[in-house]
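Novice: No letters, just coordinates:
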């Protein structure tokens, strides 16, 4: 895709949205959305350009004494939920923390893998993320959930919410801060993160306070507004079906209001015009309803590489943007 053309199209979309905001209305894909009060014009954030530098010695979040993060301890296959007939691996998580026991009360990043709700695993491509987030001063948790093979919406979402609740209830004994949680998801995992932090019912039902989620990093999600993409999209039809009620309930865009708490969003987007426009509109409505969000262009990367290169030496866009974002969202 031509980057300049894509950027121009998206800027035009943002401009139309901004005009709609100032006039007190939204119009998108033939559907009117409720007006919001006290909205401001929307502007596109610049992509960050600074270089990531590892910092193996990090101050303890409580005592301000140094804790060494150069050695990492991994604790794998912790079962966060027990359901008869479900394989334990599908309801398990892996936890990565500094081996130094002086490291306490660290913020926690929870990773939700992609795979179209069909494939994927918490262990795939995780090493670069481990190194990156430990160096940023985070405990990292990577979770599995049941695939949508016999388990349709909202089952995977409920699993992810249960995993987040387990982290909130147990992470303190592993050196993490249960009131300083952040989420990062890729593809279908990013779709679920977007919905869980905007539709609070999932987290509330799982027993976790939505306000404990400080930051949300969204890596190339596509399901902000399912009504825009459901036609002939077998991946989404397999999970959500085609009924208007479910598509509306499972679309994060429908929960963005000024009177609710949301974490800070870092939204990474690329791909076809529909995908970029939906991400841009979601970003724009977050700003229009008084919430904090940043938009990162990753149009030079194929879809899978958005996740694969994150935190590697080849990543000169997403990880640098995330580094700055994590300083501002907590």
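Specialist: All right, it came through fine. Being a predicted model, the structure only gives us computed values, none of them experimental.
Novice: Tell me which stretches of the chain form strands.
Specialist: Along the chain, the segments classed as strands by DSSP state E run 26-28, 31-33, 57-59, 66-68, 72-79, 92-98, 106-112, 139-143, 176-186, 213-219, 264-269, 293-297.
Novice: Put together JSON lines for those, with mean pLDDT on each row.
Specialist: Compiled in JSON lines, the strands of the chain are given as follows (pLDDT from 0 to 100):
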{"stretch": "strand 26-28", "mean pLDDT": "34"}
{"stretch": "strand 31-33", "mean pLDDT": "30"}
{"stretch": "strand 57-59", "mean pLDDT": "56"}
{"stretch": "strand 66-68", "mean pLDDT": "84"}
{"stretch": "strand 72-79", "mean pLDDT": "98"}
{"stretch": "strand 92-98", "mean pLDDT": "98"}
{"stretch": "strand 106-112", "mean pLDDT": "99"}
{"stretch": "strand 139-143", "mean pLDDT": "99"}
{"stretch": "strand 176-186", "mean pLDDT": "99"}
{"stretch": "strand 213-219", "mean pLDDT": "99"}
{"stretch": "strand 264-269", "mean pLDDT": "99"}
{"stretch": "strand 293-297", "mean pLDDT": "98"}
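Novice: beta partners of residue 268?
Specialist: Residue 268 has the following beta-bridge partners by DSSP bridges: residue 219, residue 296.
Novice: Pretty sure it sits against residue 218.
Specialist: Yes: taking C-beta atoms under 8 Å as the definition, residue 268 is a contact partner of residue 218 at 6.4 Å. Where you see a C-beta, it was placed from the backbone N, CA and C, and this is true even at glycine.
Novice: hmm, back to that, put together a markdown table for the strands of the chain, with mean neighbour count on each row.
Specialist: Compiled in a markdown table, the strands of the chain are given as follows (neighbours: other C-beta atoms under 10 Å):
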| stretch | mean neighbour count |
| --- | --- |
| strand 26-28 | 18 |
| strand 31-33 | 13 |
| strand 57-59 | 14 |
| strand 66-68 | 15 |
| strand 72-79 | 14 |
| strand 92-98 | 22 |
| strand 106-112 | 27 |
| strand 139-143 | 26 |
| strand 176-186 | 23 |
| strand 213-219 | 25 |
| strand 264-269 | 25 |
| strand 293-297 | 24 |
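Novice: Nearest to residue 328, out of these?
Specialist: Closest approach to residue 328 among the strands of the chain (C-beta to C-beta): strand 264-269, 7.0 Å.
Novice: so how far is the closest one from its chain's centroid?
Specialist: Relative to its chain's centre, strand 264-269 lies at 7 Å (C-alpha atoms, centre = their mean, to the nearest Å).
Novice: tell me the angle that strand makes with strand 176-186.
Specialist: 20 degrees (axes from the mean of the first three to the mean of the last three C-alpha atoms, to 10 degrees).
Novice: Packing partners of strand 264-269?
Specialist: Helices and strands touching strand 264-269, by 3 or more C-beta pairs under 8 Å, 6 or more residues apart in numbering; DSSP states H and E, are strand 213-219, helix 273-288, strand 293-297, helix 318-328.
Novice: contacts for it?
Specialist: With contact meaning C-beta atoms under 8 Å, 6 or more residues apart in numbering, strand 264-269 is reached by 214-221, 275-276, 279-280, 282-283, 286, 291-298, 306, 318, 321-322, 325, 328-329.
Novice: Ok, which of the helices and strands packed on strand 264-269 comes nearest residue 138?
Specialist: That would be helix 318-328 among the helices and strands packed on strand 264-269, by C-beta to C-beta, at 7.8 Å.
Novice: pLDDT (mean, whole number) over that closest one?
Specialist: Across helix 318-328, the average pLDDT comes to 97.
Novice: before we move on, the earlier item: tabulate the strands of the chain (CSV), appending distance to residue 241.
Specialist: Below are the strands of the chain laid out as CSV (distance: least, C-beta to C-beta, whole Å):
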stretch, distance to residue 241
strand 26-28, 22
strand 31-33, 19
strand 57-59, 46
strand 66-68, 48
strand 72-79, 30
strand 92-98, 28
strand 106-112, 22
strand 139-143, 25
strand 176-186, 22
strand 213-219, 24
strand 264-269, 26
strand 293-297, 29
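Novice: Any idea which of the ones you listed gets closest to residue 157?
Specialist: Smallest distance to residue 157 across the strands of the chain (C-beta to C-beta): 10.1 Å, for strand 106-112.
Novice: Determine the number of other residues adjacent to residue 261.
Specialist: As a burial measure, residue 261 scores 11 neighbours (other C-beta atoms under 10 Å).
Novice: so who does it touch?
Specialist: 210-211.
Novice: So it versus residue 297, what's the distance?
Specialist: Going from residue 261 to residue 297 by C-beta to C-beta, to the nearest Å gives 27 Å.
Novice: Find the residue closest to residue 128 in space, skipping its chain neighbours.
Specialist: In this structure, residue 128 finds its nearest non-sequential neighbour in residue 311, 3.9 Å apart by C-beta to C-beta, 6 or more residues apart in numbering.
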